[in-house]
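A.B. asks: Let's see this in three dimensions:
(one chain, ligands or ions: 2)
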Amino acid sequence: MSNITITNHPLIQHKLSILRRTSTSSKDFRTLIKEIATLLCYEATRDLPLHEIEIETPICTTKAMALDGKKLAVVPILRAGLGMVDGMLDLVPSARVGHIGLYRDPETLKPVEYYCKLPADIAERDVFVVDPMLATGGSAIDAISQIKLRKPRNIKFVCIISAPEGVKALQEAHPDVEIFCAAMDEKLNEHGYIVPGLGDAGDRIFGTK
Ligand code: PRP
Ligand code: URA
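C.D. replies: Numbers count the residues shown, from 1 in each chain. Ligands and ions are numbered 1, 2, ... in the order given. The predicted model follows:
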């Protein structure tokens, strides 16, 4: 089974409470999604390799650490994953960005793919797949299967709210993919929405409902 890290830092919990509220505007919703993505990125990049360098401070020469410069890619699942991209890039600005377009059929709850454009050199990269919601897990599982066809070095999945059903399905389908999220909620309702959740993430980011 893949690992799951639930980052329940006080700043994340506070922002998540505002995010969940029906009364939160689309503008504030977008800001919060971006900010939480940055905080989750901090956790998801915890194992980036470092090497020792020598630097000059105004006082003396000293040893310090620098990133190895591992190649990274961020791949949002459209639409709602787009809301997390800038928050991730704030911490890893040289990452390349791919896009996978999937929507969940409202009747079957199965993902339908409509777009896929990934960095040409993705096989040399560590990939962070981002989507605010992990509900049944169908979208994440399909997106990761698509990306795996291109043989990236490693894949991590970063979401904001997960449901136990989606986490289990994703862990079973892709046991090698580490999951990072801000909260695991109680369950899914009969329409496949996360309870208590935050409603439809895409509609709330883009104000489409
Ligand atoms: C939402 C969400 C995930 C998916 C999660 O997207 O952003 O991609 O549902 O559900 P699942 O785990 O059951 O697959 P949606 O299909 O509503 O598309 P949108 O982002 O374009 O609104
Ligand atoms: N997609 C969403 O946007 N919200 C949910 O609760 C489930 C799937």
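A.B. asks: For the chain, what lies in contact range of ligand 2?
C.D. replies: Counting by Cβ under 6 Å from any ligand atom, the chain comes close to ligand 2 at 80, 133, 135, 192, 193, 194, 197, 200, 201, 202. C-betas here are computed from N, CA, C, even on glycine.
A.B. asks: What is the nearest of those residues to ligand 1?
C.D. replies: Of all the residues of the chain next to ligand 2, residue 202 has the smallest distance to ligand 1: 2.3 Å, by Cβ to the nearest ligand atom.
A.B. asks: how many neighbours does the closest residue in space to residue 141 that isn't next to it in sequence have?
C.D. replies: Spatial nearest neighbour of residue 141, excluding adjacent residues (Cβ to Cβ, 6 or more residues apart in numbering): residue 173 at 4.4 Å. Using other Cβ atoms under 10 Å, residue 173 is surrounded by 16 other residues.
A.B. asks: Use 46 as the first number from now on
C.D. replies: Got it, first residue is 46 now, which makes that one residue 218.
A.B. asks: quick one: residue 218 from ligand 2, how far?
C.D. replies: 17 Å (Cβ to the nearest ligand atom, to the nearest Å).
A.B. asks: for that residue, what are its contacts?
C.D. replies: Neighbour list for residue 218: 182, 186, 189, 190 [criterion: Cβ atoms under 8 Å, 6 or more residues apart in numbering].
A.B. asks: Having no further points to raise, I will conclude here.
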